[in-house]
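Engineer: What follows is a predicted structure for the sequence shown.
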Amino acid sequence: WGGGLAWVAGPATAGGHAALVAAAALSGGTCTLFRAPEALRLAVAVLPEEPAPLAAIARRVKAALDPAGILNPGRMRAGF
């Protein structure tokens, strides 16, 4: 990360997460949710959105490595 990594702890709310995502985007960065209550993990995106071509590759890799869809379904990205 070249010194560009920041760990932030804040209120475990969807609004707090949205504020962190917006602040990261304003500085040209991204925000990844590492620890949160299950309710928050289900309500917000854990990883930043990917460009469509990259998301398509990720879906194909996931399908190839986990054809039955049993390894952490929906844990990192909704739908796979």
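Structural biologist: Looks like it came in fine.

Engineer: Show the low-confidence segments of the protein, by residue range.
Structural biologist: Where the chain drops to pLDDT under 70, the residues are 1, 78-80.

Engineer: the helices in it, which residues?
Structural biologist: For the chain, applying DSSP state H gives helices covering 14-26, 38-43, 52-65.

Engineer: Just checking the distance from the longest one to the centre of its chain.
Structural biologist: In other words, helix 52-65. Centre-to-centre, helix 52-65 and its host chain are 15 Å apart (C-alpha atoms, centre = their mean, to the nearest Å).

Engineer: Likewise for stretch 37-52?
Structural biologist: Relative to its chain's centre, stretch 37-52 lies at 4 Å (C-alpha atoms, centre = their mean).

Engineer: That stretch: end-to-end distance?
Structural biologist: Using C-alpha to C-alpha, to the nearest Å, one end of stretch 37-52 lies 28 Å from the other.

Engineer: How about stretch 8-20?
Structural biologist: So stretch 8-20: terminal residues 9 Å apart, C-alpha to C-alpha.
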